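Visitor: Task: produce atomic coordinates for the following.
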Amino acid sequence: MTPSQNAVTPLYIPLSNIPKSGITLRPEFLELFKHANLDSHHLLTLDDLPELSTIKSELPPENTKWILVDHNALQGQLGKIYGDTVGGVIDHHDEEGKVPYETGDEPRIVEKSGSCTSLVTEYLRPSWDLLSDLALSSGTARAQRDSLSDDSALAKVWDAEAAQLGLASILIDTANLMDKSKTTGHDRKAVEYLETKILSCPKLASSYDRNKFYEQIDSAKKDIGGLQLQDILRKDYKLWEDKGQKLGISSVVKNIEFLQKKAADEANASIAGAAFLEAVRRFASERELDMYSLMTTSTSAEGHFQRELLVWAFNEPGIAAAKKFATESSDELGLEKWQSGDGESYDHDGDGYWRNVWWQRKVQHSRKRVAPLLREAMP
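Guide: Take a look at the predicted model:
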């Protein structure tokens with residue numbers, strides 16, 4: 001909302017890189033929106049773009065500049081059409097060198113942090129404070145102030161609502177700042193700044209409690225029992241296209257045992273493992289993937305955080321990459337042989353495909369690390 005000084009008629013449009021249906025797959029979004037006075041239809045998504053058949057004429061690449069947030073390489077069809085018009089980035093993943101190193105007035109921030117939102121908060125802080133000061137000192141809010149006593153109070157509510165949007169993301173990404181392997185100084189500073197916004201709002205300060213807020217959003221994120229298995233797999237799914245190959249990775253907040261039961265119930269099958277594997281195969285096949293990975297997180301009976309990792313390759317290039325990954329990344333990720341409750345391993349090598357499932361004992365490595373390792377193994 002604050003254009004650069006050199007801009008003539010800038011229009012910054014926040015676009016969520018998911019289809020509209022993807023919002024309903026994220027119960028944590030719907031829970032969080034309540035805190036920010038938002039509805040799901042307020043978000044612009046991929047469905048709001050023109051059809052792919054006409055997008056180049058309706059939204060010419062030369063008339064656009066794309067600023068990437070939480071990724072630093074534009075993927076898929078958008079990447080093919082607009083990859084050369086990326087003009088800025090704020091991201092915390094490994095640098096891919098796809099964004100120009102000179103971005104003018106736009107940000108180019110690719111740094112390590114537990115949450116990308118922490119970097120966004122740092123970058124926006126001067127502009128946000130300026131806008132807040134202007135709102136507090138002007139009468140622009142007067143016409144919209146519902147039941148609040150003055151414009152100043154309304155401006156503080158707006159600040160606090162926006163702060164909760166950012167805060168939820170950071171707390172989820174860093175396990176309430178308790179995950180030492182992820183949490184950085186960027187995250188702690190951002191949380192402190194955002195909480196100041198909340199605690200400065202008389203309407204929200206008295207009821208705010210960080211732990212309760214985190215638990216509420218975290219519980220909503222893990223409440224996926226009502227979703228179909230195919231929706232669970234696409235809820236947090238990312239695609240990479242490198243060197244003519246397609247890699248897809250799903251992250252799921254339940255273990256494979258949960259997914260097996262879900263698959264068996266949906267297919268009315270007596271063999272849960274077979275139903276699960278068929279569902280995973282169908283998911284990857286529909287997306288024409290060369291290699292697919294499923295990463296799960298869960299808590300053991302003893303209360304320990306744990307990860308499972310499935311990798312499935314569907315052709316010779318994919319198989320070569322998967323085997324290379326298994327050999328070269330085993331120690332770094334702490335991969336150990338996995339078996340289901342009935343003793344099945346699901347490992348397979350032959351008939352044109354390769355599959356393996358492991359316990360990932362070095363649980364500090366999320367998709368942010370596993371994805372680069374898989375991609376580096378691709379020939």
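
Visitor: Please count neighbours and contacts with C-alpha atoms only from this point.
Guide: Will do.

Visitor: Assumed residue 241 was part of a strand.
Guide: Yes - with DSSP: H, G, I helix; E, B strand; the rest coil as the criterion, residue 241 is assigned to a strand.

Visitor: Surely it and residue 77 touch.
Guide: No - judged on Cα atoms under 8 Å, residue 241 makes no contact with residue 77 at a distance of 10.3 Å.

Visitor: higher neighbour count, the two?
Guide: residue 241 (15 against 10; other Cα atoms under 10 Å).

Visitor: how close does the more buried one get to residue 298?
Guide: Computed as Cα to Cα, to the nearest Å, the residue 241 to residue 298 distance reads 29 Å.

Visitor: Run through the stretch 101-250 of the chain and note the low-pLDDT ranges.
Guide: Low-confidence segments of the stretch 101-250 of the chain, defined by pLDDT under 70: 138-151.

Visitor: quick one, helices of it?
Guide: With DSSP state H, counting those that start in this stretch, the ranges of helices along the stretch 101-250 of the chain come out as 116-137, 151-173, 185-199, 202-205, 210-222, 229-235.

Visitor: Would you tell me which one of those is buried the most?
Guide: helix 151-173 (a mean of 21; mean count of other Cα atoms under 10 Å).

Visitor: Mind giving me the packing neighbours of it?
Guide: helix 27-35, helix 116-137, helix 185-199, helix 202-205, helix 210-222 (3 or more Cα pairs under 8 Å, 6 or more residues apart in numbering; DSSP states H and E).

Visitor: Between helix 151-173 and the second one, find me the angle.
Guide: Between the direction of helix 116-137 and that of helix 151-173, the angle (axes from the mean of the first three to the mean of the last three Cα atoms, to 10 degrees) works out to 180 degrees.

Visitor: Report the distance from helix 116-137 to the chain centre.
Guide: 22 Å (Cα atoms, centre = their mean, to the nearest Å).

Visitor: same deal with the last one?
Guide: Taking Cα atoms, centre = their mean, one finds the center of helix 210-222 at 17 Å from the center of the full chain.

Visitor: so what's residue 300 up against?
Guide: Residues in contact with residue 300, defined by Cα atoms under 8 Å, 6 or more residues apart in numbering, are residue 306.

Visitor: Quick check: it vs residue 274, distance?
Guide: In terms of Cα to Cα, residue 300 sits 24 Å off from residue 274.

Visitor: Residue 103 is nearest to which of the helices of the stretch 101-250 of the chain?
Guide: When the helices of the stretch 101-250 of the chain are compared by Cα to Cα, helix 116-137 sits nearest residue 103, at 14.6 Å.

Visitor: Other residues contacting the closest one?
Guide: 2, 69-70, 90-92, 107, 109, 111, 113, 141, 151-152, 155-156, 159, 166, 169-170, 186-187, 189-191.

Visitor: Could you rerun that using 7 Å?
Guide: 2, 70, 90-92, 151-152, 155, 166, 169-170, 186-187, 190 (Cα atoms under 7 Å, 6 or more residues apart in numbering).

Visitor: Dump the C-alpha coordinates for it into PDB.
Guide: Provided in PDB are the C-alpha atoms of helix 116-137 (Å, rounded to 0.1, in the frame of the first residue of the first chain):
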ATOM      1  CA  CYS A 116       9.200 -16.300   6.200                       C
ATOM      2  CA  THR A 117       6.600 -14.000   7.900                       C
ATOM      3  CA  SER A 118       9.300 -12.900  10.200                       C
ATOM      4  CA  LEU A 119      11.300 -11.500   7.300                       C
ATOM      5  CA  VAL A 120       8.200  -9.900   5.800                       C
ATOM      6  CA  THR A 121       7.500  -8.300   9.200                       C
ATOM      7  CA  GLU A 122      11.000  -6.800   9.400                       C
ATOM      8  CA  TYR A 123      10.700  -5.500   5.800                       C
ATOM      9  CA  LEU A 124       7.300  -3.900   6.400                       C
ATOM     10  CA  ARG A 125       8.000  -2.500   9.800                       C
ATOM     11  CA  PRO A 126       9.000   1.100   8.700                       C
ATOM     12  CA  SER A 127       6.000   1.400   6.300                       C
ATOM     13  CA  TRP A 128       3.700  -0.200   8.800                       C
ATOM     14  CA  ASP A 129       4.700   2.200  11.600                       C
ATOM     15  CA  LEU A 130       4.300   5.100   9.200                       C
ATOM     16  CA  LEU A 131       0.800   4.100   8.200                       C
ATOM     17  CA  SER A 132      -0.100   3.500  11.800                       C
ATOM     18  CA  ASP A 133       1.100   7.000  12.800                       C
ATOM     19  CA  LEU A 134      -0.800   8.500   9.900                       C
ATOM     20  CA  ALA A 135      -4.000   6.700  10.800                       C
ATOM     21  CA  LEU A 136      -3.700   7.700  14.500                       C
ATOM     22  CA  SER A 137      -3.200  11.300  13.600                       C
END
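
Visitor: Run the angle between it and helix 185-199 for me.
Guide: Angle, helix 116-137 to helix 185-199, by the same axes, to 10 degrees: 30 degrees.
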